[in-house]
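J.: After the sequence you'll find the predicted model.
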Amino acid sequence: MNIFSAPKTSTSVVARSATLLSQSQTLLHLLQLSVADYSLILTQQCHARMLSLGFAQNPLLATKLISAYATCGVPNESRLVFDSLQLKSVYLCNSLINGYAKNHVYSDALGLFQRMWFLGVAADDYTLATILKVCSEATDLDAGKLVHGRCVRTGFVFDVVVANSLMSMYCKSGEFSESLKVFDQMPHRNVSSWNVVIAGHVDTGDRYCGKQIFDFVKDMQLDGLKPDAFTVSTLLPLCSEDVEKLDYGRQLHGYAVRNKLGLGFGLDFHLGCCLIDFYSRIKRVVLGRRVFNQIETRNVYTWTAMINGYVKNGALEEGLVLFDEMQRKDRVRPSRVSLVSILPACSSVTGLNGVKQIHGYAIRREWNIDVSLSNALIDMYSKCGSLNYAIRVFEDESVSGDAISWSSMMSGYGLHGKGEEATCLYHKMLQLGNKPDTIALVGVLSACGRSGLVDEGLQIYNSAINEYGIKPTVEICACVADMLGRSGQLSQALEFIKTMPMEPGPSVWGALVSASIVHGNPEIQDLAYRFLIQLEPENPSNYISLSNLHASSKKWDTVAQVRTMMKQRGLTKTPGCSWISINGITHSFYAYDKLHPSSESIYEMLDGLLLLMKGAARSLDSEKMK
DNA sequence: CTAGGGTTAG
């Protein structure tokens, strides 16, 4: 379809020039539409019309045309337009440089910047700001320094935007101190100047200056400038570590509300995201939802932040409901991040089927080379029972895997009791020159533990600590304790725990508990439970387990003591339940539950299975004896 | 035709 009607024929000269004026304005309008819609066709139609109407050398239209082509992802077309213009204005150059920058062809952008001198076009503030952005995105610090020199010579360092761009360039190159030097020499600063410094400090600053981040915020206000939505959303990710910072987060939210930060209607997109994320991180997902509800127009970031909040806090169903609403009600298509965020919800809600659906969707959108997505898929396929699919994603050669891919696959093998494969993978990873990190180590060690590969596991543990300089964490130590405990070396496990370089956490004592149950050692079991109660006084499970332990040996006085302790602390235990989906219907059940209509045949089947398992275990034992 | 912010994986 052609959106242009045939040109009107005019009679008088006045009418003709009026038509020309309105034609160029129409074209300008349409070019703006092309940019807004990323429409290459419309851009080409405008281009053709410009040529036929004799607007080829119109500087304003040519500038727009250059950026329209660049926005549509064809900077080469932009360059052809640029070359065809006889008069090269600074606007034209800026437009093309910006077009190159948008399409990440940094060398062309820098090349044009250098050629401007030969073209006799002087760079202006826009040129410098854009080229500095190019330098930082291309991580070309040397070029950035040269531009800095140029800014000093031409006096553009005194321009607020140019100086802000300079600071930003230095921050992105990890040169926070250089950034601060520029900042200190600025005659005038605006809110953005402070925002750049604050954001830079978040990323790199700690090592370079003794100042705390919130000191900068105070100084900013002393300078007579008020933190804006940018400032607040930069600060929010810092608010989670301790109680004081947590309170800062709430204060920032209050500040944002009081000052109506954002767009005037509802909350700002970005700020809304950060707030949702903040409340999710501090496990107040309901408050996050309140923010979410206040945002009037939501985009994929807002939805994904909220979905992620639910999933991270264990509200998997809510996450899935929102994932559905996002697409059905708001017509927002999920992004790769949305998929990564929703994937963990498959584990206990949708199972393998859900993972496959997400994988299929990713393939249709050609996202199957995305590392994070692949890693999440490896993890979820393993967790949903399909080790083979996990392996297939892991071995897909079109994905260049990373450290996380290795550890996901190793834990996957571990989950499926394939310790040998996990250790094989670990050694292969090392052979390929990858260094293990704490999480990879956790993955391989837990796999060893589950498969009884104690010696192998200890060897890996020792080499990782001694040769690769990994500092043992509580999780790693829990794996070692678990490994020793499962193999029946309970006293060695206890010995190991005593010599651990850090305070043993709940995971460590938890490992010892399960080991002492398997190997029938009530003394160690009792000891471990008592440590657990000490560490997690609010967790009712530990009390119940300890109480049950003593009930089984009829030590009723101890049982009573534990129950009283629970009562005093006001704890009650909700019984855990399990469930299974059969033909789309979910059946949930408790321990010793006889409520199901088919209860009798279920237990019959269970007894049969138990017999089979015991038989299998016996034959495995006798095989070992040989 | 310019600077600054958002959601992700073991």
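T.: Cool, got the structure.
J.: Tell me which helix or strand comes right after the one helix or strand in chain A whose mean pLDDT sits lowest.
T.: Ranking every helix and strand in chain A by mean pLDDT, DSSP states H and E puts strand A:578-582 at the bottom, with a mean of 74. Next in sequence after strand A:578-582, counting helices and strands by DSSP states H and E, comes strand A:585-589.
J.: so how far is the very next helix or strand once past that next one off the chain centroid?
T.: Counting by DSSP H and E, the next helix or strand C-terminal to strand A:585-589 is helix A:599-625. Chain-centre distance of helix A:599-625: 44 Å, with CA atoms, centre = their mean, to the nearest Å.
J.: What of stretch A:57-75?
T.: 35 Å.
J.: Give me the contacts around that stretch.
T.: A:24, A:27-28, A:31-32, A:34-35, A:38-40, A:43, A:46-47, A:50, A:55-56, A:77-78, A:81-82, A:85-87, A:89, A:91-92, A:95-96, A:98-100, A:102-103, A:105, A:108 (CB atoms under 8 Å, 6 or more residues apart in numbering). To be clear about C-beta, it is placed using only N, CA and C from the backbone, and glycine gets the same treatment.
J.: now, which of those residues lie within strands?
T.: Using DSSP state E, no member of those sits in strands.
J.: For the stretch 101-250 of chain A, which residues are neighbours of DNA strand B?
T.: A:124-127, A:129-130, A:133, A:136, A:160-162, A:164-165, A:168, A:190-193, A:195-196, A:199, A:228-230, A:233-234, A:237 (CB under 7 Å from any atom of the strand).
J.: next one: the stretch 251-400 of chain A
T.: So the stretch 251-400 of chain A meets DNA strand B at A:268-274, A:277, A:299-302, A:304-305, A:308, A:312, A:335-338, A:340-341, A:344, A:371-373, A:375-376, A:379 (CB under 7 Å from any atom of the strand).
J.: What subset of those is buried?
T.: Among those, those classed as buried by 16 or more other CB atoms under 10 Å are A:268-274, A:277, A:299, A:301-302, A:304-305, A:308, A:312, A:335, A:337-338, A:340-341, A:344, A:373, A:375-376, A:379.
J.: Please flag which of the residues you listed sit within helices.
T.: Among those, the members falling in helices (DSSP state H) are A:269-274, A:277, A:301-302, A:304-305, A:308, A:312, A:337-338, A:340-341, A:373, A:375-376, A:379.
J.: give me the low-pLDDT residue ranges for the stretch 501-626 of chain A?
T.: Within the stretch 501-626 of chain A, the segments meeting pLDDT under 70 span A:620-621, A:623-626.
J.: Show me what residue of it gets nearest to DNA strand B.
T.: At 14.7 Å from DNA strand B, A:Ser507 is the closest residue in the stretch 501-626 of chain A, using CB to the nearest atom of the strand.
J.: give the contact list for that residue.
T.: A:Ser507 touches A:Val474, A:Glu475, A:Ala478, counting by CB under 8 Å, 6+ apart.
J.: nearest to DNA strand B, of those residues?
T.: A:Glu475 (10.6 Å).
J.: Quick one: neighbours of the closest one, just the number.
T.: Residues lying near A:Glu475 (other CB atoms under 10 Å) number 16.
J.: Show me where the stretch 401-550 of chain A has its helices.
T.: A:403-415, A:419-431, A:438-451, A:454-466, A:474-486, A:490-499, A:506-518, A:522-535, A:540-552 (DSSP state H, counting those that start in this stretch).
J.: for these, which one sits closest to A:Arg618?
T.: helix A:506-518 (16.7 Å; CB to CB).
J.: Run the angle between that closest one and helix A:490-499 for me.
T.: Helix A:506-518 and helix A:490-499 meet at an angle of 170 degrees, taking axes from the mean of the first three to the mean of the last three CA atoms, to 10 degrees as the criterion.
J.: Give me the distance from helix A:506-518 to the chain's centre.
T.: For helix A:506-518 - counting by CA atoms, centre = their mean - the centre lies 32 Å from the chain centre.
J.: With stretch A:235-251 instead?
T.: For stretch A:235-251, the distance to the chain centre is 19 Å (CA atoms, centre = their mean).
J.: can you give me the mean pLDDT across that stretch?
T.: Averaging pLDDT along stretch A:235-251 yields 81.
J.: what do you get for stretch A:298-314?
T.: On average, stretch A:298-314 scores 94.
J.: Dump that stretch to CSV, restricted to CA.
T.: What follows is stretch A:298-314, C-alpha atoms only, in CSV (Å, rounded to 0.1, in the frame of the first residue of the first chain):
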residue,chain,number,x,y,z
ARG,A,298,3.1,-1.2,32.8
ASN,A,299,5.8,-2.5,30.4
VAL,A,300,7.6,-5.7,30.2
TYR,A,301,10.1,-4.6,32.8
THR,A,302,7.4,-3.8,35.3
TRP,A,303,5.7,-7.1,34.8
THR,A,304,8.9,-9.1,34.8
ALA,A,305,10.1,-7.4,38.0
MET,A,306,6.8,-8.4,39.7
ILE,A,307,6.8,-11.9,38.4
ASN,A,308,10.4,-12.3,39.5
GLY,A,309,9.4,-11.0,43.0
TYR,A,310,6.7,-13.6,43.4
VAL,A,311,8.9,-16.5,42.1
LYS,A,312,11.9,-15.5,44.3
ASN,A,313,9.7,-15.4,47.3
GLY,A,314,8.2,-18.8,46.6
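J.: what about burial for the contacts of stretch A:57-75, which qualify?
T.: A:24, A:27-28, A:31, A:34-35, A:39-40, A:43, A:46-47, A:50, A:55-56, A:77-78, A:81-82, A:85, A:91-92, A:95-96, A:98-100, A:102-103, A:105, A:108.
J.: Tell me which of those residues fall in helices.
T.: A:24, A:27-28, A:31, A:34-35, A:40, A:43, A:46-47, A:50, A:77-78, A:81-82, A:91-92, A:95-96, A:98-100, A:102, A:108.
J.: Pretty sure A:Ser545 sits against A:Val513.
T.: Yes - between A:Ser545 and A:Val513 there is a contact under CB atoms under 8 Å: 7.4 Å.
J.: shared neighbours, these two?
T.: A:Tyr529.
J.: For A:Val300, give me its contacts.
T.: Per CB under 8 Å, 6+ apart, neighbours of A:Val300: A:Met326, A:Val332, A:Arg333, A:Pro334, A:Ser335, A:Ser338.
J.: run the last query once more with 10 Å
T.: By CB atoms under 10 Å, 6 or more residues apart in numbering, the contact list for A:Val300 reads A:Met326, A:Asp330, A:Val332, A:Arg333, A:Pro334, A:Ser335, A:Val337, A:Ser338.
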